[in-house]
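Next come a sequence and a model predicted from it.
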Amino acid sequence: MVLRVKKRGIVMYCAFILLLFPYLQGSIGLLPGKFYPMMPVIAVVLFLILNLKKIKVYPKELLTWSCILFPCFFQNYDVKTGRYNIVLDFLSVFLIYIIAKKDQDWIKYFWNVIKIVCVIHFILGLFFLVNKNMLYSVVIPRFTMTENTYKLLNEAINNGYMTGICNHYSKMGMYMALGTIAFAYPIYDKEMESRKRKIALVMFFAFVIGLAMTGKRGPLLFTVLALLIVFLEYSEKRLTRKAIFRFFIGIFSLIILFAIAYFKIPQVQSVIARFSESSNMEEMTNGRIDFFWVQAIEMFKNHPIIGYGWGAFKAYSKNGNHAHNIYLQLLTETGIIGFFMVLIFFIGSILAIRKSINIMKGHDNQLCTYLKIGYAYQLFFLMYGFTGNPLYDGQCYLPYLLSCAMGLTVYFEYSYRLQKVKKNEKRINCNKNRQELWGVIASVCIEDRNRKERTES
């Protein structure tokens, strides 16, 4: 058996690893800090090398992306103080989208890189969970953090939470949430090979338990909820006995798994106890209302139109931290104008990826599954945004922006093809409804892609 690896695939893997590496490496700082800003730039260059053909940018695409790029760039506080990582990351994802949108294979390579990185974090998390002395002697000395951050990390480790090579159990929770969603594809792919399905399901359940072991209630709840929403939305309208049986078997398996984990793994007991003990809003929000949310509203009142500038909340807040609510923080930093622009991008991306899933349904099962995973991650990001900082943590916002790019890639590509079809009405029967036209275009595009793959092989 000869294993063929396409050069194009290798370049894409390298590009995504470079783009994501500054954040997905954890907090251990494997390289000197001056190298990290160069990595997304090199990733863009690699994508540019792959696509030497003419790059087309349409007004609708520019308008869509400007809804989040403009508020991020305009009077950005981080740039004023010499920190430009977020601006560089947002711009890099936009450029990669513009360059790679013609080749939808990038979606597959992206999720493969995510799975690899999350598995590495999961293994390291388990390793250091049972080797705490090595964690304190080898890993923690590499962190650069304040006394308060060290106190929180030490607290998490003493509570038995899985922190891996992260300086906060919250970051580890993000990697486990991302891994859970990335390995959820057998839930949505009915045509998957049986052996691969079993392996993927084992990994999925392992990451669910791993997420519980980080002690993060919000990510655990929002991850499961996001996956469930997407599953219910795209389940068969007429549920067969087999489909109902599989659904209940899946739920039952998850309950049994958690029951076993509850008695065998102290961290799972702890996170379930935290859910049961949260009897009021103050306990559930861990004091966020008084510490952050009220303060964010007061700051918003001072500069309601254009805000303080993206990234300014930490500098002006009394606690020197994010607001733990991206919507209130956006209001504070970008004002009403910026807030509604970003909200348009959030909602538009959700609508685009839902439309893209409908377009690919029945035409490209694998791509449709990847899009559903991207849709689930978008939902997770937006829900977690009510209690966390996903818009300001690289390990969260980069996968989110790329999940948005997935839906926009498919939606705009097929929208422009549909316009061409309408202009040339002689080739396709105009009595066909819009969904039938989508189907015809999807079939043509898939055939083009298959022909291209055969040529490369």
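Done, it's in. Keep in mind the model is a prediction, meaning the values are calculated, not measured. Numbers count the residues shown, from 1 in each chain.

okay, CA-based contacts and neighbour counts for the rest of this
Noted.

which intervals of the protein have sub-threshold pLDDT?
By pLDDT under 70, the weakly predicted segments of the chain are 1-5, 236-290, 418-457.

can you do 80?
Across the chain, the ranges flagged by pLDDT under 80 are 1-7, 32-33, 52-54, 82, 190-192, 235-292, 318-320, 362-363, 415-457.

what's the longest helix in it?
helix 326-360 (DSSP state H).

buried residues in that helix?
The neighbour-count check on helix 326-360 (16 or more other C-alpha atoms under 10 Å) flags 326-336, 338-342, 344-346, 348-360 as buried.

Just after it, pick out the following helix or strand.
helix 365-384 (DSSP states H and E).

Now find how far off-centre that following helix is within its chain.
Mean C-alpha position of helix 365-384 versus that of the full chain (C-alpha atoms, centre = their mean, to the nearest Å) differs by 8 Å.

Just list what it packs against, helices and strands only.
On a contact count with 3 or more C-alpha pairs under 8 Å, 6 or more residues apart in numbering; DSSP states H and E, helix 365-384 meets helix 106-129, helix 169-182, helix 185-188, helix 217-233, helix 326-360, helix 394-423.

winner for burial among these?
helix 169-182 (a mean of 26; mean count of other C-alpha atoms under 10 Å).

out of the helices and strands packed on helix 365-384, which comes closest to residue 90?
helix 394-423 (7.7 Å; C-alpha to C-alpha).

Contacts only, for the residue nearest to residue 97 when sequence neighbours are not counted.
Nearest residue to residue 97, sequence neighbours excluded (C-alpha to C-alpha, 6 or more residues apart in numbering): residue 405, at 6.1 Å. Taking C-alpha atoms under 8 Å, 6 or more residues apart in numbering, we find residue 405 in contact with 94, 97, 349.

if we take the residues you listed, which one ends up nearest to residue 31?
Distances from residue 31 to the contacts of residue 405, taken by C-alpha to C-alpha, are shortest for residue 94, at 25.4 Å.

Can you report phi and psi for residue 234?
phi -110, psi 20 (degrees, to the nearest 10).

Against residue 375, how distant is it?
Residue 234 sits at a distance of 11 Å from residue 375 (criterion: C-alpha to C-alpha, to the nearest Å).

Pick out whichever of the two has more residues nearby.
residue 375 (29 against 14; other C-alpha atoms under 10 Å).

ok, so what distance separates residue 351 from residue 379?
11 Å.

still on that earlier bit, to the chain's geometric centre, what's the distance from the longest helix of the chain?
14 Å.

That helix to helix 217-233, inter-axis angle?
30 degrees (axes from the mean of the first three to the mean of the last three C-alpha atoms, to 10 degrees).

Helix 326-360 - contacts with which helices or strands?
For helix 326-360, the packing partners by 3+ C-alpha pairs under 8 Å, 6+ apart are helix 59-73, helix 294-302, helix 313-316, helix 365-384, helix 394-423, helix 434-456.

Taking helix 294-302 as reference, get the angle to that helix.
Going by the same axes, to 10 degrees, helix 326-360 makes 90 degrees with helix 294-302.

Could you measure from residue 207 over to residue 375?
Per C-alpha to C-alpha, residue 207 is found 19 Å from residue 375.

quick one: the nearest residue to residue 396 once chain neighbours are set aside and residue 170, what's the gap?
Leaving aside its chain neighbours, residue 396 sits nearest to residue 390 (5.1 Å; criterion: C-alpha to C-alpha, 6+ apart). Residue 390 is 11 Å from residue 170, where distance means C-alpha to C-alpha.

what's the answer for residue 67, then?
For residue 67, the distance to residue 170 - C-alpha to C-alpha - is 28 Å.

One more: residue 86?
Taken as C-alpha to C-alpha, the span from residue 86 to residue 170 is 19 Å.

just residue 33 next, same as before
With C-alpha to C-alpha as the criterion, residue 33 and residue 170 are 22 Å apart.

Next: residue 158.
Counting by C-alpha to C-alpha, the gap from residue 158 to residue 170 is 15 Å.

can you check residue 62 too?
For residue 62, the distance to residue 170 - C-alpha to C-alpha - is 34 Å.

Could you do residue 148 as well?
With C-alpha to C-alpha as the criterion, residue 148 and residue 170 are 15 Å apart.

and if you look at residue 38?
The gap separating residue 38 from residue 170 is 26 Å, by C-alpha to C-alpha.

ok, back up a step: between the helices and strands packed on helix 326-360, which one is nearest to residue 117?
That would be, of those and by C-alpha to C-alpha, helix 394-423, which comes in at 11.0 Å.

and the closest one, how far out from the chain's middle?
Distance, centroid of helix 394-423 to centroid of chain: 15 Å (C-alpha atoms, centre = their mean).

Ok, stretch 380-393 next?
10 Å.

buried residues in that stretch?
In stretch 380-393, the ones that count as buried by 16+ other C-alpha under 10 Å are 380-392.

Would you mark the buried spots in the host helix or strand of residue 78?
When secondary structure is defined by DSSP H and E, residue 78 falls within helix 77-80. Residues of helix 77-80 classed as buried: 77, 78, 79 (neighbour count, 16+ other C-alpha under 10 Å).

before we move on, what about stretch 129-138?
129, 132, 135.

Same check on stretch 141-154?
For stretch 141-154, burial by neighbour count (16+ other C-alpha under 10 Å) applies to 150, 153, 154.

Check stretch 33-44 too.
In stretch 33-44, counting by 16+ other C-alpha under 10 Å, buried: 36, 37, 39, 40, 41, 42, 43, 44.
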